[in-house]
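In: What would the 3D arrangement of this be:
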Amino acid sequence: MEKNRSLVDRLNSVNEYEQEAIPGNRLKGWRSFLGTYAGEHTAGTEFVIGPLFVAHGASAIDLVTGLILGNILAVLSWAFLTAKIAVKTRVTLYYLLEKIAGKRFTFLYNLVNAGLFCFLAGSMIAVAATAVGIPFDMAMPQLTDIYPNNLGWVLTVFAVGTITTIIAMFGFDQVSKFAMVAAPWMIMVFIAAALAVLPRLGVTDAGSFWSVAESTIWTGVPLEGQSKFGFWHILFFAWFCNMAMHIGMADLSLLRYAKKWQYGFSSATGVFLGHFIAWIASGILYSLFLIESEGSLTFAPGPIAYSAVGVAGAICVVVAGWTTANPTLYRAGLAIQSINPRWKTWKVTLFVGLFTTIAACFPALVMMLLEFVALYGLILMPVGAVIFIDVYLLEKMGLKSNYAQASGKSLNSAVAITWLVTLAFCLLLNLMVGVEIFFLGLPGWFVAVLVYVIASKITQRK
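Out: Residues are numbered from 1 along each chain as shown. Below you'll find the model as predicted:
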């Protein structure tokens, strides 16, 4: 009992400053953010996204050029949009949004936001579970699976989900420390694994790599039943796969700890080590798996990595799943906790972890990851545009920023209108014009800006 009380006391003492600005003595330096971003973005998603580019028939030249340009745009978005506002306000996304949009809107947004984060974290728990199940000869998910196909899969997912939730319950400090320890090792395994299997793909020296890449790895021909990806798909996916975090402002909750806004550039460790090197490396591993398994429909990162480099590859998949799921669960916990500040964050995170683990049992979260990542970024994007305009433009136009707080209203209708109109516009572009989901974020952001400015003028004039 004494040990139990001690643990509860430790959890209760975790203070994440959910309803106030971060005090100066809690600000963190470069290392925390370099480790967090490297760990989060060199992670479980990379074992899925890299292979899916192969499955969708990306060519080698489209992949490399699209990733370079898209990742540069993502880093600039983190630094100049998210980090600047995070350092200026020093509060979580959810608390800032409550001051702008009001409690009623924030309640709905937080539920949606937390749900989306739970599904993302769930897909990473599922990725880790594919590696944990290897010693037990567990039946792995197939590329076409939607529902869990055996009891062993469910039990393995729950074991991984439990450990992930416990780490997230201890707050940002523990999430950051875990990432800093794991990230350097994971990056080395990704690189070593890809280099180790190149001879099995026919690469005999550095000069022969590109010809093998074009003819054997990224052939430009999609697998049966998969759509074709070109340069623009790759660029916009690399830029917008984390749209919720930068343009959507979810990383205000992390970057509010930064001493300077320039720390937003530390996201480069994540996108270039993870969204460039790791996507390429995992694509190489999957290409070899397809060749040696004669086109097997099994889509399980654990066995793919294990077949390439053995136990080290399987362990890397497990740790990679955790380093994405941990900060994502942390964000989801903050979103739910902000609904009622009296709730203890660790208790909320425990509940969120249970919901996430149940969702992780469904393989469809992994198989449809590209589309899901694009969708959740798109849903949260209009609120990021609202925050950007509210912080930088409204007062210059003679309007009130933080309008819900200033007026005492529980709902700023301008924000609700912006969210609904923007998403309706994106839906029409998709259904009537045929614009794919990967390309909707950019025009949608400008529509959100325009609608919010007009709606704020009308609302505040009244």
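
In: Residue 230 reaches residue 62, doesn't it?
Out: Yes. In this structure residue 230 lies within contact range of residue 62 using Cβ atoms under 8 Å: 5.6 Å. To be clear about C-beta, it is placed using only N, CA and C from the backbone, and glycine gets the same treatment.

In: more crowded one of these two?
Out: residue 62 (20 against 14; other Cβ atoms under 10 Å).

In: so what pLDDT did that one get?
Out: Note for residue 62: predicted pLDDT of 97.

In: For residue 163, see how far away it is.
Out: For residue 62, the distance to residue 163 (Cβ to Cβ, to the nearest Å) stands at 38 Å.

In: cool, residue 344 as well?
Out: Using Cβ to Cβ, one gets 20 Å for the distance from residue 344 to residue 163.

In: Flag the shaky bits of the stretch 301-450 of the chain, pLDDT-wise.
Out: Applying pLDDT under 70 to the stretch 301-450 of the chain flags the ranges 338.

In: can you pull out the helices in it?
Out: Per DSSP state H, counting those that start in this stretch, the stretch 301-450 of the chain carries helices over the ranges 301-309, 311-337, 345-360, 364-367, 369-392, 403-407, 413-428, 441-461.

In: Just say which of these is most tucked in.
Out: Comparing the helices of the stretch 301-450 of the chain by mean neighbour count (mean count of other Cβ atoms under 10 Å), helix 311-337 ranks first with a mean of 26.

In: Just want the angle from it to helix 301-309.
Out: 150 degrees (axes from the mean of the first three to the mean of the last three Cα atoms, to 10 degrees).

In: so what secondary structure elements neighbour helix 311-337?
Out: Applying 3 or more Cβ pairs under 8 Å, 6 or more residues apart in numbering; DSSP states H and E, one finds that helix 311-337 contacts helix 30-41, helix 46-55, helix 103-132, helix 151-169, helix 172-201, helix 252-255, helix 301-309, helix 345-360.

In: most neighbours per residue, which of those?
Out: Mean neighbour count (mean count of other Cβ under 10 Å) peaks for helix 252-255 among these, with a mean of 27.

In: and the next element down the chain from that one?
Out: Proceeding N to C from helix 252-255, the next assigned helix or strand is helix 267-272, under DSSP states H and E.

In: list the helices and strands that following helix packs on?
Out: Judged by 3+ Cβ pairs under 8 Å, 6+ apart, the packing partners of helix 267-272 are helix 30-41, helix 60-77.

In: What are the buried residues along the last one?
Out: So the one you mean is helix 60-77. By neighbour count with 16 or more other Cβ atoms under 10 Å, helix 60-77 contains the buried residues 60, 62-64, 66-67, 69-77.

In: Go through those and name the one nearest residue 360.
Out: Residue 360 has its nearest neighbour among these in residue 74, at 25.9 Å by Cβ to Cβ.

In: Wait, that closest one touches residue 244, no?
Out: No. Proximity of residue 74 to residue 244 does not meet the contact threshold set by Cβ under 8 Å, at 11.9 Å.

In: Quick check: the residue nearest to residue 214 when sequence neighbours are not counted vs residue 280, distance?
Out: Nearest residue to residue 214, sequence neighbours excluded (Cβ to Cβ, 6 or more residues apart in numbering): residue 60, at 4.7 Å. For residue 60, the distance to residue 280 equals 10 Å [Cβ to Cβ].

In: re the thing from before, relative to residue 258, which of the buried residues of helix 60-77 is nearest.
Out: Nearest member of the buried residues of helix 60-77 to residue 258, counting by Cβ to Cβ, is residue 75, at 14.6 Å.

In: Apart from its chain neighbours, what residue comes closest to that closest one?
Out: Distances taken as Cβ to Cβ, 6+ apart put residue 268 closest to residue 75, at 4.8 Å, once the chain neighbours are dropped.

In: ok, now which ones touch that neighbour?
Out: Contacts for residue 268 (Cβ atoms under 8 Å, 6 or more residues apart in numbering) come out as 37, 71, 75.

In: ok so, going back, adding distance to residue 201, write the helices of the stretch 301-450 of the chain out as a markdown table.
Out: Output for the helices of the stretch 301-450 of the chain, formatted as a markdown table (distance: least, Cβ to Cβ, whole Å):
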| stretch | distance to residue 201 |
| --- | --- |
| helix 301-309 | 11 |
| helix 311-337 | 16 |
| helix 345-360 | 32 |
| helix 364-367 | 24 |
| helix 369-392 | 24 |
| helix 403-407 | 57 |
| helix 413-428 | 40 |
| helix 441-461 | 35 |
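
In: Which of the ones you listed sits closest to residue 124?
Out: Once the helices of the stretch 301-450 of the chain are compared by Cβ to Cβ, helix 311-337 is nearest, at 4.1 Å.
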